[in-house]
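# what follows is a predicted protein model with its sequence.
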Amino acid sequence: MIDCDVHAIVPSVHALTPYLTSYWREQVEQTGFKGPVDSWYPQGLAEALGHVATDATRTAAAVFSGPNSPSLAVLTCDYAVETLHNPDASAALARAANEWLAAEWLARDPRFRASIVVPSAFPELAVREIERAAADPRFVQVLLPVRSESPYGSRNFRPVFAAAARLGLPVALHYGGAPGTPPTPVGWPSLVMEEVAGATGVFQTQLLSVIAGGVFDEHPGLKLVLAEAGFAWLAPMLWRFDKNWKGLRREVPWVRRPPSEYAREHVRLTTAPLDAPADPGQFAAAVGQLGSDGMLLYASDYPHRHGDDHAAQCWDSLPADLRRRISSDNPRSLYRL
Amino acid sequence: MPKHVVSTVAEIPPGGRKIVEVQGRSIGVFNIAGEFFALRNRCPHQGAALCTGQLGSAVTSTGPGHYAVDRAGEILRCPWHGWEFEVRTGQSWFDPVKVRVKAYETAVAPGSALKPPSPALLPGPYVAETYPVSVEEDYVLVEV
């Protein structure tokens, strides 16, 4: 079993001091620069931030324990470097976060793999950091916050996908991001609940953009992971997408097949949160609607608890073969583990 | 299958079309560079008058940002939902095997060959399907 979404949280910019260049170390020490202070998670929700996940040893103890514990875990470090408008600061802190992950997580427990933190608001710098970090094979994917200033399928972001494809790394879009633009397409919500529950809409927007923009046509080997996204919304969205493609495909002639085929071939989704039907008896049908048993990746999303109360019943309702694919085969093939 | 006289050649110039009624079926007859093609005027999707849609090019691409345009005027788009069909074959663009509109054989014959009507050539028996034929003109025939 492989856990495809375990958080590693940078406790503060000071944890990165050993990994900063002298210029940025001095900036942090002398100007009080705090690095990214925005979080991908609602401010003030200490529970969501999970202070345990700032430390490799404690996290490993929690994640790799129990009868059905995973043998490997992929770390997602949601250090919000995209909130920094200084491109060099964003790149410097992304690099420091990756070096911190390598030294204080990957080196301390061989069961961890990591995702590359990138200055995602600056594609050229993001490419440089991807190329640098990917030299260490323990970094198994590129991590992007699902919220961005403009959709990821737009042309100016294409070099990031090209770099990931060139290096054989999947790109993961993870819940969150604080790019300065509202988390909904209609402006700022008033309530945390709107933002949290409404995140699926952001995932949908990004997926539409990436497929319609032709990212997978340019990079036929590229895989896109939607992490902490839920999955039950995907099939109905693809029904609509396929239908619209039949009439609008002249606008996107590079999209040669129904969008759902691209999704099944290129898109993977983690299982936490599960966002399952209220009746666990309907769960297998929801999974079946994806039209592929190769899309789901087991994840705990540690330390976040999503309150998926009947997760165990849902899980047990799936055939053993499918459970094995989700928890082991699909992650292994995706990350070549 | 009987051939029906549906038009003079002159009535449908290259790039033009004519909607005709043959044995209760509405049929679109198209002239593509001097060749005639006939399609059922009913979209297999939801029954719209397909043959009244726009005629455009076949648009293909080698990748994002690249647009190749050829076969101008040979791709018919349904006026309701934009489904594309090849006028020459009736095949849809997005699923040529499963989704297609009925295509009928066409022929061109001089009026002299149509008078008196041979048994295979119907004008009639119904009045609505008779077509006045003169020896001086060429005619488009549709096999239904």
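On my side now, so go ahead. Numbering: from 1, shown residues only, chains lettered A, B, ... in the order given.
# give me the neighbour count for residue 53.
The chain I'm using is chain A. For A:Ala53, the count of nearby residues is 21 (other C-beta atoms under 10 Å in any protein chain shown). C-beta coordinates here come from the backbone N, C-alpha and C atoms, glycine included.
# ah, I was thinking of chain B
So B:Gly53, with other C-beta under 10 Å, has 21 neighbours.
# pretty sure it sits against B:Leu76.
Yes - counting by C-beta atoms under 8 Å, B:Leu76 is a contact partner of B:Gly53 at 5.4 Å.
# can you show me the strands along the chain?
Picked chain A for this. A:2-7, A:72-76, A:112-117, A:139-145, A:171-174, A:224-227, A:267-270, A:296-297 (DSSP state E).
# switch to chain B, that's the one I care about
Using DSSP E, the strands assigned to chain B run over residues B:3-8, B:17-22, B:25-32, B:35-40, B:54-60, B:68-77, B:84-86, B:103-110, B:121-122, B:138-143.
# pull the number of nearby residues for the residue nearest to A:Pro259 when sequence neighbours are not counted.
Leaving out its chain neighbours, the residue that sits closest to A:Pro259 by C-beta to C-beta, 6 or more residues apart in numbering or on different chains is A:Phe241, at 4.2 Å. Per other C-beta under 10 Å, the neighbour tally for A:Phe241 reads 21.
# re earlier: the strands of chain A into CSV, with extra columns for distance to B:Val69?
Formatted as CSV, these follow (distance: least, C-beta to C-beta, whole Å):
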stretch, distance to B:Val69
strand A:2-7, 43
strand A:72-76, 44
strand A:112-117, 40
strand A:139-145, 35
strand A:171-174, 32
strand A:224-227, 30
strand A:267-270, 31
strand A:296-297, 41
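# please identify which of the ones you listed is closest to chain B.
For the strands of chain A, the distance to chain B is smallest for strand A:224-227, at 15.7 Å, taking C-beta to the nearest C-beta.
# so does that closest one get close to chain B?
No - using C-beta under 8 Å from any C-beta of the partner chain, strand A:224-227 stays clear of chain B, coming no nearer than 15.7 Å.
# could you list the paired strands of that strand along with their orientation?
Paired neighbours of strand A:224-227 in the sheet (DSSP bridges): strand A:171-174 (parallel), strand A:267-270 (parallel).
# what mean pLDDT does the first one get?
When pLDDT is averaged over strand A:171-174, the result is 98.
# how about the residues of chain B near chain A?
Counting by C-beta under 8 Å from any C-beta, chain B comes close to chain A at B:56, B:59-68, B:78, B:81-84, B:93-94.
# show the buried residues in those.
Listed as buried from these are B:Gly56, B:Val59, B:Thr60, B:Ser61, B:Pro64, B:Cys78, B:Gly82, B:Trp83, B:Glu84, B:Trp93, B:Phe94; burial here means 16 or more other C-beta atoms under 10 Å in any protein chain shown.
# got the contact list for the residue of the stretch 51-200 of chain A found nearest chain B?
Scanning the stretch 51-200 of chain A for the residue nearest chain B gives A:Arg155, at 7.3 Å (criterion: C-beta to the nearest C-beta). Contacts of A:Arg155 were listed using C-beta atoms under 8 Å, 6 or more residues apart in numbering or on different chains, and they are A:Gly213, B:Pro64, B:Gly65.
# if the closest residue to B:Met1 other than its chain neighbours is in a bridge, with which residues?
Leaving aside its chain neighbours, B:Met1 sits nearest to B:Glu143 (4.7 Å; criterion: C-beta to C-beta, 6+ apart). Assessed by DSSP bridges, B:Glu143 has beta-bridge partners B:Lys3, B:Glu105.
# residue 57 - how many residues pack around it?
Just so you know, I chose chain A. Counted with other C-beta under 10 Å, the neighbours of A:Thr57 add up to 11.
# that's the other chain; I wanted chain B
Other residues lying near B:Ser57 total 15 when counted by other C-beta under 10 Å.
# for it, what are its contacts?
By C-beta under 8 Å, 6+ apart, the contact list for B:Ser57 reads B:Val69, B:Asp70, B:Arg71, B:Ala72, B:Gly73, B:Glu74, B:Ile75.
# any idea how far it is from A:Ala212?
21 Å (C-beta to C-beta, to the nearest Å).
# the residue nearest to A:Pro11 when sequence neighbours are not counted - how many residues pack around it?
Leaving out its chain neighbours, the residue that sits closest to A:Pro11 by C-beta to C-beta, 6+ apart is A:Thr54, at 4.1 Å. By the other C-beta under 10 Å criterion, the neighbourhood of A:Thr54 contains 18 residues.
# let me see the contact set for A:Thr54.
By C-beta under 8 Å, 6+ apart, A:Thr54 lies in contact with A:Ala8, A:Ile9, A:Val10, A:Pro11, A:Ala15.
# residues near residue 30, how many?
Going with chain A. 8.
# I was after chain B.
Residues lying near B:Phe30 (other C-beta under 10 Å) number 23.
# same thing with the one 10 residues further on?
B:Arg40 has 19 neighbours, counted by other C-beta under 10 Å.
# in the sheet, who's paired with it?
Per DSSP bridges, the residues bridged to B:Arg40 are B:Ile27.
# relative to B:Val108, how far out is it?
B:Arg40 is 20 Å from B:Val108, where distance means C-beta to C-beta.
# across the sheet, point out what pairs with A:Val142.
Beta-bridge partners for A:Val142, by DSSP bridges, are A:Ile116, A:Val171.
# so it sits against A:Ile116, correct?
Yes - A:Val142 is in contact with A:Ile116 according to C-beta under 8 Å; the separation is 5.0 Å.
# pLDDT-wise, which helix or strand of chain A ranks last?
Lowest on mean pLDDT, DSSP states H and E among the helices and strands of chain A sits helix A:46-49, with a mean of 51.
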